[in-house]
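**Q** Fold the following.
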Amino acid sequence: MRELFPKPEEEGLRIDAWLSLRYPALSHADVRRALTKGALTLRGRPCAKGETVRLGEPYVLGWEPSAPDKPLPNRALPLDILWQDDALIALRKPAGMNCQPNDPAEQGTLANALLAHFPEVAGVGDSPLTCGVLHRIDRDTSGLVLAARNQAAYLALRAQFAARTVVKRYLALVAGEVRAPARLENLLAHNPRAPGRMVDAEKWRDAKRPMRAVTDYRPLKHLRLGDCPCTLLDVTIRTGVTHQIRAQLSFAGLPILGDSRYGGPAIEGFPRHFLHARTIDCAHPLTGAPLHFLAPPTDDLRALVARCVVC
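**A** Here you go, the predicted model:
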């Protein structure tokens, strides 16, 4: 049994809408079924779904909502589809969105949006949380993400990732002058003292499970933002390690603008790091035909480059 006290701004809401607001992890169908069974009462009287919320007295919820065991669809989230067929979807993920939930109750990820528009992705992948998403980019990184619509396509493309035949290229704006192409090779590991940050495993004796990371980059444009010289880079990753580009460029003395976690300078009016997943080249998972996907830079990235002076 649980008492629920409505807030002033909730007065007048339908009872079913109010419970959905209080328990966003539940589907509207779950809420309606619970109300039909008399789960919510006011002064001992069961509440109907179409009643409106009143202030002043507590409602009594005689049912403990259980957490979902799989992600829930969320049609309210944006879904920017660049290309699709019966096996594969290419999308442009906005900055500020995770690719997959860490918990089934999360509802703000790309996987939740995919489920709403492509219900068949439920159960596709290595776990119930995968929802067909084939690879991840960081929350504040924008750009290309691929998702499989069935398990056969998922397994075929994951085999390509494992064989390093999928080519992923990014745009990064870094602090510093870069005059020539270069390759970065490091052993990266999760920081044992600061979760959510990668370290150069060769410099940390207590680092566990070092992972080889290989990144190629070449300069595209030399710029200046205020007093900061910077370079727009075309970056190709040859491996897929957490925070690979951000960490390796930082360790090389070229932190990404806006990436405070890895020492990048803060940019006024720009709340994220300048990293964008721009292109992916792979083979179609079922036909083997070559595929090339391009996600143009987002408006905020173009606006920041426009603020710079070309050197």
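**Q** Could you give me the buried positions within the helix ranked longest in the chain?
**A** What stands out as the longest helix in the chain, according to DSSP state H, is helix 151-162. Buried residues in helix 151-162, defined by neighbour count with 16 or more other C-beta atoms under 10 Å: A153, Y154, A156, L157, R158. Every residue, glycine included, has its C-beta placed from N, CA and C.
**Q** centroid residue for the chain?
**A** Of all residues in the chain, the one closest to the mean position by C-alpha atoms, centre = their mean is N98, 2.0 Å from it.
**Q** which residue packs closest to that one, ignoring adjacent ones?
**A** Leaving out its chain neighbours, the residue that sits closest to N98 by C-beta to C-beta, 6 or more residues apart in numbering is T109, at 4.5 Å.
**Q** Distance of that neighbour relative to L79?
**A** 12 Å (C-beta to C-beta, to the nearest Å).
**Q** Now the element after the longest helix of the chain, going C-ward?
**A** Sequence order places strand 167-175 as the next helix or strand after helix 151-162, per DSSP states H and E.
**Q** Mind giving me the packing neighbours of that following strand?
**A** Packing partners of strand 167-175 (3 or more C-beta pairs under 8 Å, 6 or more residues apart in numbering; DSSP states H and E): strand 211-225, strand 228-237, helix 244-251, strand 275-283, helix 299-307.
**Q** Contacts for that strand, please.
**A** Identification of contacts with strand 167-175 by C-beta atoms under 8 Å, 6 or more residues apart in numbering yields 135, 141, 143-144, 217, 220, 223, 228-237, 245, 249, 254-257, 264-265, 274-282, 297, 301, 304-305.
**Q** the inter-axis angle of that strand versus strand 275-283?
**A** 160 degrees (axes from the mean of the first three to the mean of the last three C-alpha atoms, to 10 degrees).
**Q** coming back round to it: quick one: mean pLDDT over the longest helix of the chain.
**A** Helix 151-162 shows a mean pLDDT of 95.
**Q** Output the helices and strands packed on strand 167-175 as JSON lines; include the columns mean neighbour count.
**A** Shown next, in JSON lines, are those (neighbours: other C-beta atoms under 10 Å):
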{"stretch": "strand 211-225", "mean neighbour count": "17"}
{"stretch": "strand 228-237", "mean neighbour count": "20"}
{"stretch": "helix 244-251", "mean neighbour count": "24"}
{"stretch": "strand 275-283", "mean neighbour count": "21"}
{"stretch": "helix 299-307", "mean neighbour count": "14"}
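**Q** out of these, nearest to L61?
**A** Shortest distance between L61 and the helices and strands packed on strand 167-175, using C-beta to C-beta, is found for helix 299-307: 42.4 Å.
**Q** Show me what that closest one is packed against.
**A** Helix 299-307 packs on strand 167-175, strand 211-225, going by 3+ C-beta pairs under 8 Å, 6+ apart.
**Q** what's near enough to touch the closest residue to E51 other than its chain neighbours?
**A** In this structure, E51 finds its nearest non-sequential neighbour in I15, 4.8 Å apart by C-beta to C-beta, 6+ apart. If you count contacts by C-beta under 8 Å, 6+ apart, I15 has them with L35, L40, C47, A48, K49, G50, E51, T52, V53.
**Q** among these, which ones are buried?
**A** For the contacts of I15, a burial check counting by 16+ other C-beta under 10 Å picks out L35, L40, C47, K49, E51, V53.
**Q** want to throw the helices and strands packed on strand 167-175 into TSV with distance to A201 and mean pLDDT?
**A** What follows is the helices and strands packed on strand 167-175, written out as TSV (distance: least, C-beta to C-beta, whole Å; pLDDT from 0 to 100):
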stretch	distance to A201	mean pLDDT
strand 211-225	8	97
strand 228-237	18	97
helix 244-251	11	97
strand 275-283	22	98
helix 299-307	31	96
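**Q** Figure out which of the ones you listed is closest to P58.
**A** helix 299-307 (45.1 Å).
**Q** Can you pick out the residue with more neighbours from T109 and L79?
**A** Taking neighbours as other C-beta atoms under 10 Å, T109 and L79 compare with T109 leading, 23 against 18.
**Q** If I look at the more buried one, what pLDDT would I see?
**A** According to the prediction, T109 has pLDDT 96.
**Q** any idea how far it lies from T215?
**A** Distance, T109 to T215, using C-beta to C-beta: 26 Å.
**Q** Perfect, that will be all.
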